[in-house]
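Just to be clear, the model below is a prediction. Sequence and coordinates:
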Amino acid sequence: MNKNVMLSLMSLVALIATSAYVPTAAAANMSTSMTSSASWSGANAIQGTPEVRRVGIVVDYHPGQDITIADRHGTEFMFDIGSPLRIVPSHRAHLLGVGAFVTIIAPNNVPNGHHMAVGIVIHPSVPPGFVGPSEPGGGGGGPTPGVPTSPKESPPPSGPLTPGEDKPPESFSQPVSPPLPPLNTITGYNLPSDFVDWAIPIRVAAFETITINPLETFTPVGVVEIGSDQSTPRIYMVAIDLVSTGTEVQGQLLPITTTDTLNVTFQRIPQVPNPERTNSPYEEFQVLEPAPDSFSTISAGGVCFVATTADGPTKYCSKPSASDESAQLSARNSFPSQYEQLQDLISPVAGQFGLENVIQLGQIISMQEDVQHILDCASTLTQQACGADVVVAPVTAQYFQQQFNGQFGGDDGDNGDDEDNGDNGGNGSSSQPTPITVGVVKVLRPVDTFGDTIQPGDYQIDYWFDVNGVFYAATLTGVTTNNTQVTNQQVPAVPAALINAPNSPPQPPSQISACRLFRRCVFWQSSCG
């Protein structure tokens with residue numbers, strides 16, 4: 001097994017929708033290397049992205065001149081062809097024509113009323129349920145958006161599927177005014193809207209620029225809001241000792257809307273670039289841009305900030321078990337009754353798939369994922385608008401390793417027994433693409449993602465590896481609330497930008513970030529994004 005496979009193996013615990021930052025995917029990021037337009041940042045996401053990204057079916061194409069696509073609602077968009085034009089992946093360039101399913105990248109300017117296409121991502125196939133162009137005489141070219149077919153069976157994924165749009169930022173409960181520095185994307189741990197004593201337990205955002213002053217003990221890194229049922233929100237500026245090189249460092253929460261200062265302990269976790277991006281055989285992953293200099297994430301047990309230090313990118317994660325006030329940054333610890341309800345929601349889902357004994361009920365992620373729902377929450381901040389879309393729980397690292405090693409060989413890392421969950425007898429090889437179960441998810445409301453809709457229901461999450469043990473896709477298999485069977489519904493997934501440096505300590509494996517649904521963003525230890 002090669003080194004990259006071992007990095008994945010030793011570090012996954014799963015899940016998707018949650019990461020220490022997985023930057024914008026190929027379709028959303030390749031413009032950085034193709035144009036001179038401003039690069040994406042969390043602030044730009046609030047004010048409007050610097051480029052246009054449209055996903056759809058090609059309905060008209062004149063090479064070197066223009067291209068027209070129809071989105072999932074049948075609305076058509078025309079783009080002039082720019083020069084140079086980047087086509088990704090290059091081996092699908094011959095498929096570019098009428099009927100191809102693509103993402104168009106264009107700078108956010110409109111000369112002569114037309115956008116200029118500078119990049120085109122060609123996807124393997126049209127997702128199930130995508131409406132696309134209207135048929136002659138009216139009517140869509142597919143089923144009604146949001147209404148699943150029965151059953152919804154798909155073959156194993158043939159290649160990567162990368163997100164076609166960014167997940168927009170959430171909002172704090174009230175504006176955080178200057179003189180604070182500009183913030184990156186705000187993310188939150190959202191509870192389902194029907195929970196009693198409702199609140200958004202944690203919201204967090206890193207500063208766009210983190211400047212370390214070696215003469216100061218603490219460096220400001222971002223802002224965090226601790227939810228409560230009180231009328232006054234508890235919003236703090238987070239400052240961490242970024243000069244210390246110890247395994248644990250000290251930090252403070254400095255009051256913005258409250259009067260109390262909290263002392264917190266952070267784990268210091270050096271990071272390195274993930275080789276699975278630049279070394280991947282899949283060109284869709286090779287064009288992903290690196291992680292930004294700063295970003296923030298949320299896990300069930302706390303918050304994390306990444307800052308660029310003298311030793312390179314370094315992650316600092318709060319410790320809920322510390323003797324100081326760090327536990328207040330843990331949704332699991334600060335909202336125990338609501339967290340128990342999350343466990344009650346996800347346990348039956350795990351039982352449906354025979355995974356009740358391998359799911360980490362202490363690492364549940366609860367979040368919003370539908371773009372429109374996030375925008376509604378940011379504008380109204382009401383209970384109904386801000387409820388979670390999905391609740392997710394990962395399998396243990398040991399269970400993932402047993403599955404992976406049963407297909408590709410290796411040591412389980414716990415009891416030395418290779419529990420073969422595949423058909424090859426654990427002989428260290430796999431002749432077919434291999435699904436590895438990484439978690440379960442309960443979808444609470446429809447989520448539109450990359451031209452397809454994930455319907456409410458209970459699902460098992462699988463990551464797919466090719467015959468060489470290289471990750472390339474993620475799928476959902478399960479049943480919707482109206483009893484529609486779903487098999488291998490592909491969802492966007494990309495490798496994380498950063499992984500833990502060798503010998504760095506473990507950290508909470510499931511995290512929320514600004515990434516779109518079901519990217520490959522959550523891992524155990526060395527491959528945590």
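Noted; the coordinates are in hand. Residues are numbered from 1 along each chain as shown.

Can you give the contact residues for the longest helix along the chain?
Assignment by DSSP state H gives helix 336-352 as the longest helix of the chain. Defining contact as C-beta atoms under 8 Å, 6 or more residues apart in numbering, one finds that helix 336-352 is touched by 191-192, 195-197, 199, 201, 300, 331-332, 356, 359, 361, 364, 366, 391-393, 440-442, 458-459, 478-479. Every C-beta, even on glycine, is put in place using the N, C-alpha and C of the backbone.

I'd say residue 479 and residue 487 touch.
No. If you go by C-beta atoms under 8 Å, residue 479 and residue 487 don't touch, sitting 10.0 Å apart.

For residue 171, give its distance to residue 340.
Applying C-beta to C-beta, to the nearest Å, the value for residue 171 to residue 340 is 27 Å.

Looking at the two, which is more packed in?
Just comparing residue 171 and residue 340: by other C-beta atoms under 10 Å the higher neighbour count belongs to residue 171, 23 against 12.

Can you report how many residues lie near the closest residue to the more buried one other than its chain neighbours?
Spatial nearest neighbour of residue 171, chain neighbours left out: residue 378 (4.2 Å); criterion: C-beta to C-beta, 6 or more residues apart in numbering. Using other C-beta under 10 Å, residue 378 has 19 neighbouring residues.

cool, and residue 384?
With other C-beta under 10 Å as criterion, residue 384 counts 12.

Could you check which helix or strand contains it?
Element membership of residue 384, judged by DSSP states H and E, is helix 383-386.

buried ones in that helix?
385, 386 (16 or more other C-beta atoms under 10 Å).

who does the helix or strand hosting residue 453 pair up with?
Using DSSP H and E, residue 453 sits in strand 452-454. For strand 452-454, the paired strands and their directions (DSSP bridges) read strand 447-449 (antiparallel).

Specify the local secondary structure of residue 57.
strand (DSSP: H, G, I helix; E, B strand; the rest coil).

re the thing from before, got the buried residues for the longest helix of the chain?
Buried residues in helix 336-352, counted by 16+ other C-beta under 10 Å: 338, 339, 341, 342, 345, 346, 349, 350.

distance of residue 371 from residue 251?
Counting by C-beta to C-beta - residue 371 and residue 251 are separated by 33 Å.

More neighbours: which of those two?
Neighbour totals were compared for residue 371 and residue 251, and residue 251 leads with 25 against 17 (other C-beta under 10 Å).

so what's that one scoring on pLDDT?
We have a pLDDT of 97 for residue 251.

Then residue 432?
Note on residue 432: pLDDT of 83.

ok, now residue 110?
57.

before we move on, back to that, pull the distance from the helix holding residue 384 to the chain's centre.
In this view, helix 383-386 has its centroid 21 Å away from the chain centroid, taken as C-alpha atoms, centre = their mean, to the nearest Å.

for stretch 435-455, same thing?
12 Å.

give me every residue that touches residue 333.
301, 320, 327.

Okay, now stretch 448-468: how far is its last residue from its first?
Length of stretch 448-468, first residue to last, C-alpha to C-alpha, to the nearest Å: 32 Å.

Next up, phi/psi of residue 215, please.
Dihedral pair for residue 215: phi -90, psi -10, per degrees, to the nearest 10.

Could you do residue 78 as well?
Given degrees, to the nearest 10, the pair of backbone angles that residue 78 has is phi -110, psi 140.

ok, the residue nearest to it when sequence neighbours are not counted - contacts?
Excluding its sequence neighbours, the residue lying closest to residue 78 (C-beta to C-beta, 6+ apart) is residue 68, at 4.5 Å. By C-beta under 8 Å, 6+ apart, residue 68 lies in contact with 58, 59, 60, 61, 76, 77, 78, 79.

just curious, which of those residues is nearest to residue 155?
residue 58 (22.7 Å; C-beta to C-beta).

Assess the claim that the closest one and residue 66 are in contact.
No. Applying C-beta under 8 Å as the test, residue 58 and residue 66 come out as separate, 11.1 Å apart.

The stretch 301-450 of the chain: helices as residue ranges?
Taking DSSP state H, counting those that start in this stretch to define them, one finds helices in the stretch 301-450 of the chain at 331-334, 336-352, 371-380, 383-386, 397-408.

Give me the below-cutoff pLDDT ranges for the stretch 201-350 of the chain.
228-231 (pLDDT under 70).

Let's see that with 80 instead.
228-233, 289, 321-322 (pLDDT under 80).

just the strands in it please.
202-206, 219-226, 234-240, 248-255, 262-273, 295-299, 302-309, 312-318 (DSSP state E, counting those that start in this stretch).

So which of the ones you listed is nearest residue 88?
strand 262-273 (19.9 Å).

Strand partners (parallel or antiparallel) of that closest one?
Assessed with DSSP bridges, strand 262-273 is paired to strand 248-255 (antiparallel), strand 312-318 (antiparallel), strand 498-500 (antiparallel).

what does the longest one rub up against?
Right, strand 248-255. Here strand 248-255 has contacts from 217-218, 224, 236-242, 244, 261-268, 316, 318-319, 325, using C-beta under 8 Å, 6+ apart.

repeat that with 6 Å
218, 236-241, 261-266, 268 (C-beta atoms under 6 Å, 6 or more residues apart in numbering).

Could you find the two of the residues you listed that are most distant from each other?
261 and 268 (21.4 Å).

Which one of those two is surrounded by more residues?
The neighbour count for residue 261 versus residue 268, taken as other C-beta under 10 Å, is higher for residue 268 (21 against 12).

Next up, the contacts around the more buried one.
Here residue 268 is in contact with 249, 316 (C-beta under 6 Å, 6+ apart).

can we see that at 8 Å?
244, 245, 246, 247, 248, 249, 314, 315, 316.

What's the local residue count around the fourth one?
Counted by other C-beta under 10 Å, the residues lying close to residue 247 total 10.

Where does residue 120 fall, secondary structure wise?
Using DSSP H and E, residue 120 falls in strand 115-122.

That strand - which strands sit beside it in the sheet, and in what orientation?
By DSSP bridges, strand 115-122 pairs with strand 76-88 (parallel), strand 101-107 (antiparallel).

residues of the first one that come out buried?
Within strand 76-88, the residues that qualify as buried by neighbour count (16+ other C-beta under 10 Å) are 77, 79, 80, 81, 82, 85, 86, 87, 88.

what separates the last one from residue 99, distance-wise?
If you measure residue 88 against residue 99 using C-beta to C-beta, the figure is 18 Å.

circling back: so which of the contacts of residue 333 is the most crowded?
residue 301 (23 neighbours).

Let me know whether that residue touches residue 330 as I believe.
Yes. Between residue 301 and residue 330 a contact is recorded at 4.7 Å, counting by C-beta under 8 Å.

between these two, what contacts are shared?
Contacts common to residue 301 and residue 330, judged by C-beta under 8 Å, 6+ apart, are 318, 320.

thinking again about what came up before, same question for the residue nearest to residue 78, what's its three-state structure.
Judged by three-state DSSP, the three-state class of residue 68 is strand.

Mind pulling the model confidence for it?
Reported pLDDT for residue 68: 93.

Residue 484 now?
92.

That one and residue 511, how far apart?
30 Å.

More neighbours: those two, which one.
residue 511 (33 against 16).

Looks like that one contacts residue 301 (just checking).
No. In this structure, residue 511 is not within contact of residue 301 by C-beta under 8 Å, at 9.8 Å.

can you tell which of the strands paired with strand 262-273 is closest to residue 175?
strand 248-255 (16.1 Å).

Show me how far that closest one is from its chain's centre.
For strand 248-255, the distance to the chain centre is 27 Å (C-alpha atoms, centre = their mean).

Could you figure out how far that strand is turned away from strand 219-226?
Strand 248-255 and strand 219-226 meet at an angle of 60 degrees, taking axes from the mean of the first three to the mean of the last three C-alpha atoms, to 10 degrees as the criterion.

Residue 65 and residue 56, how far apart?
18 Å.

Many thanks, I have nothing further to ask.
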